[in-house]
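In: Predicted model follows, preceded by the sequence.
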Amino acid sequence: MPFSNQPQKGMQDDFPWDMAVHNRVMGTIAGLLRSFHYEEYDAPVLEPLELFAAKSSEELVREQAYVLRDRGDRELVLRPEMTPTLARMVSQISRERPRPYRWYSIPKCFRFERPQKGRLREFRQLNVDLMGDDSVHSDLEMFLLVKGLMASFGLAEAGWRIRWNHRGALNALLGHRGFSADEQKAFYWLIDRVDKIAPEAFGATAAEKLPDAPKRAFLETYLANEDVSVLLAWLREIPETGELCGRLEAFQRLLGSVRLERAVYSPRTVRGLDYYTGLVFEVYAEGESIHRALFGGGRYDKLLDLYSNDPLSGIGFGMGIYIFSLFLEEAGKLPKVEAGDSVLVQPLGGEESAVFALQVAEALRAAGRVAEFSVYSGGVKKVFQKAEARGFTQVALVGDDEVREKAYSLKNLKTGTQEKIPLG
Ligand code: HAM
């Protein structure tokens with residue numbers, strides 16, 4: 001075979017039946033987001049490389065981005081994520097439009113990753129962001145959105161978990177313990193990898209990235225503690241962290257008041273992207289099958305700093321539709337697409353019946369039905385078989401009698417009944 005008929009590695013073709021399921025999933029998601037008053041936006045797939053170099057993570061840009069030059073010799077990137085684009089867009093309108101902005105989008109994103117379960121090189125990523133407010137209530141809204149999304153598909157709460165942490169708290173802890181900027185970066189890098197590197201290899205990697213032994217010892221102590229009150233106790237020892245502690249306590253209280261038991265503090269959640277400054281979180285499936293995060297997000301305080309000194313804090317998350325669909329499938333909650341109530345309009349005679357069948361099809365569409373003009377020929381029995389195989393529920397037969405009587409004979413394939421219906 002001279003050409004492969006397969007898509008690029010890590011990319012998927014969406015056949016009509018895949019799109020039918022996808023659109024059902026998207027419809028449910030959009031319905032839930034609209035109920036929280038989020039509005040949809042979109043943007044070009046191509047962006048200047050320098051925007052991502054400045055705003056995204058180094059790894060994402062240097063190791064995973066699809067970079068290309070256009071015919072005007074501009075260096076562009078196929079967006080690996082949406083947040084820098086969102087920053088660019090919001091900076092255009094943030095002075096005129098009243099805040100806050102609750103926006104969502106489902107862009108296709110591109111990352112040159114090793115394809116694996118739940119990870120592709122071209123993928124659809126739901127992005128949800130609430131910008132222009134930095135209260136703990138907006139932090140909490142993200143978790144309520146996660147909970148709402150899960151519930152809207154009928155997913156049991158026991159099947160997933162939100163793991164959260166706070167970048168501001170971590171920065172304060174590390175600053176207080178004398179971590180340099182590079183050491184802080186290494187600390188985050190190591191935490192982000194702790195579940196991805198084999199335990200026996202982690203020690204050596206840690207020694208290489210963070211050569212200072214007492215700082216490595218703190219990494220160990222920090223990772224071993226899963227109790228948020230211990231984190232708070234560490235923070236209280238540091239001068240000028242009163243506001244931060246107050247915020248974390250208020251957040252804890254809020255979680256309790258809305259009974260969000262699926263949200264737990266996790267020292268292992270720090271997020272790989274550089275722009276997060278506050279609450280960070282990831283959502284994981286419980287159970288052994290899906291290891292990668294379903295959702296990931298957090299608060300960012302300097303979204304617009306490339307464009308203006310307009311302070312605008314936002315919080316949001318990304319969720320891979322592909323990994324989420326795998327999760328739905330494993331939970332038996334992937335929406336089923338039922339064949340619609342469609343009619344095949346079958347001419348049975350010569351040209352005259354074909355012309356009349358076209359009119360019948362138009363009349364059915366005008367009445368709100370889905371009607372296909374049949375290209376089949378042959379006996380009625382064969383037509384019924386083909387119609388059934390293709391998911392039609394009814395066949396409108398148009399023979400010479402029907403043309404004369406200005407009617408069609410509607411066969412119900414489920415019940416086997418047939419009736420003559422006058423046209424118009
Ligand atoms: P992220 O953690 O890089 O965050 O991606 C968020 C989610 O996108 C992941 O949890 C996963 O479900 C999905 N995802 C990422 N890479 C792939 C891939 N190669 N294949 C399939 N799915 C993938 C961000 O991108 C942030 N910009 C999210 C955000 C929005 N933060 C604030 N607002």
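Out: Happy to help now that I have it.
In: My guess is I290 contacts E329. True?
Out: No - assessed by Cβ atoms under 8 Å, I290 is found out of contact with E329, at 10.3 Å. Every C-beta, even on glycine, is put in place using the N, C-alpha and C of the backbone.
In: So the two - more neighbours on which side?
Out: More crowded of I290 and E329, by other Cβ atoms under 10 Å: I290, with 18 against 11.
In: so is that one in a helix, a strand, or just coil?
Out: Secondary structure, DSSP: H, G, I helix; E, B strand; the rest coil: I290 is coil.
In: Which strands and helices lie in contact with the one helix or strand in the chain whose mean pLDDT sits lowest?
Out: Sorting the helices and strands of the chain by mean pLDDT, DSSP states H and E puts helix 58-59 at the bottom, at a mean of 81. Counting contacts by 3 or more Cβ pairs under 8 Å, 6 or more residues apart in numbering; DSSP states H and E, helix 58-59 packs against no other helix or strand.
In: Quick check: what element follows it along the chain?
Out: From helix 58-59 onward toward the C-terminus, using DSSP states H and E, the following helix or strand is strand 66-69.
In: and that next one, is it in reach of the ligand?
Out: No - in terms of Cβ under 6 Å from any ligand atom, no part of strand 66-69 sits within range of the ligand; the closest distance is 11.8 Å.
In: For that strand, give me every contacting residue.
Out: L49, E75, L76, V77, L78, P80, F110, F112 (Cβ atoms under 8 Å, 6 or more residues apart in numbering).
In: try stretch 348-362
Out: With Cβ under 8 Å, 6+ apart, stretch 348-362 has contacts from 343, 345-347, 371-374, 380, 396-400, 402-403, 406, 408, 423.
In: hmm, 7 Å instead?
Out: Here stretch 348-362 makes contact (Cβ atoms under 7 Å, 6 or more residues apart in numbering) with 345-347, 371, 373, 396-400, 403, 408, 423.
In: now for the helix or strand harbouring G27, which elements pack on it?
Out: Using DSSP H and E, G27 falls within helix 16-35. Under the contact definition 3 or more Cβ pairs under 7 Å, 6 or more residues apart in numbering; DSSP states H and E, helix 16-35 sits against helix 136-152.
In: quick one, the helix or strand following the helix it packs on and helix 136-152 angle?
Out: Per DSSP H and E, the first helix or strand lying C-terminal to helix 136-152 is strand 160-166. Interaxial angle, strand 160-166 versus helix 136-152 (axes from the mean of the first three to the mean of the last three Cα atoms, to 10 degrees): 160 degrees.
In: pull the CA atoms of the helix holding G27 into PDB?
Out: Provided in PDB are the C-alpha atoms of helix 16-35 (Å, rounded to 0.1, in the frame of the first residue of the first chain):
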ATOM      1  CA  PRO A  16     -19.500  10.400  12.500                       C
ATOM      2  CA  TRP A  17     -20.400   7.800  15.200                       C
ATOM      3  CA  ASP A  18     -17.500   9.100  17.400                       C
ATOM      4  CA  MET A  19     -18.700  12.700  16.800                       C
ATOM      5  CA  ALA A  20     -22.300  11.700  17.800                       C
ATOM      6  CA  VAL A  21     -21.000  10.500  21.200                       C
ATOM      7  CA  HIS A  22     -18.600  13.400  21.500                       C
ATOM      8  CA  ASN A  23     -21.400  15.900  20.900                       C
ATOM      9  CA  ARG A  24     -23.600  14.300  23.500                       C
ATOM     10  CA  VAL A  25     -20.700  14.600  26.000                       C
ATOM     11  CA  MET A  26     -20.100  18.200  25.000                       C
ATOM     12  CA  GLY A  27     -23.800  19.000  25.200                       C
ATOM     13  CA  THR A  28     -24.000  17.800  28.800                       C
ATOM     14  CA  ILE A  29     -20.800  19.700  29.800                       C
ATOM     15  CA  ALA A  30     -22.000  22.900  28.100                       C
ATOM     16  CA  GLY A  31     -25.400  22.600  29.800                       C
ATOM     17  CA  LEU A  32     -23.700  22.400  33.200                       C
ATOM     18  CA  LEU A  33     -21.400  25.300  32.500                       C
ATOM     19  CA  ARG A  34     -24.200  27.500  31.300                       C
ATOM     20  CA  SER A  35     -26.100  26.800  34.500                       C
END
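In: That one vs helix 136-152, what angle?
Out: Going by the same axes, to 10 degrees, helix 16-35 is angled at 140 degrees with respect to helix 136-152.
In: just how off-centre is helix 16-35 within its chain?
Out: 11 Å (Cα atoms, centre = their mean, to the nearest Å).
In: same deal with stretch 288-304?
Out: On Cα atoms, centre = their mean, the centre of stretch 288-304 falls 11 Å from that of its chain.
In: Please see if it touches the ligand.
Out: Yes - interface with the ligand: stretch 288-304 contributes A293, L294, F295, G296, G297, G298 (Cβ under 6 Å from any ligand atom).
In: Pick the one among those closest to P7.
Out: Among those, L294 lies closest to P7 (Cβ to Cβ), at 23.7 Å.
In: Distance check, that closest one against S135.
Out: Remark: distance between L294 and S135 (Cβ to Cβ, to the nearest Å) = 26 Å.
In: Could you check which of the two has the larger neighbour count?
Out: L294 (23 against 13).
In: Apart from its neighbours in sequence, what residue is nearest the more buried one?
Out: If the residues on either side of it in the chain are set aside, L294 comes closest to V283, at 4.8 Å by Cβ to Cβ, 6 or more residues apart in numbering.
In: moving C-terminal of the helix or strand where that neighbour lies, what's the next helix or strand?
Out: Element membership of V283 [criterion: DSSP H and E] is strand 279-285. Per DSSP H and E, strand 279-285 leads on to strand 295-300 as the next helix or strand towards the C-terminus.
In: Among the contacts of strand 66-69, which ones are in strands?
Out: Mapping the contacts of strand 66-69 onto strands (DSSP state E) picks out E75, L76, V77, L78, F110.
In: Top of the residues you listed by number of neighbours, please.
Out: Highest neighbour count within those, by other Cβ under 10 Å: V77, with 23 neighbours.
In: measure it to the ligand for me?
Out: V77 sits 14 Å away from the ligand, going by Cβ to the nearest ligand atom, to the nearest Å.
In: burial count for R69?
Out: 10.
In: Equivalent analysis for K406, please.
Out: Neighbours of K406 (other Cβ under 10 Å): 12.
In: What sits closest to it if chain neighbours are left out?
Out: Excluding its sequence neighbours, the residue lying closest to K406 (Cβ to Cβ, 6+ apart) is L423, at 5.2 Å.
In: So the one you found is in contact with E405, correct?
Out: No - in this structure, L423 is not within contact of E405 by Cβ atoms under 7 Å, at 9.0 Å.
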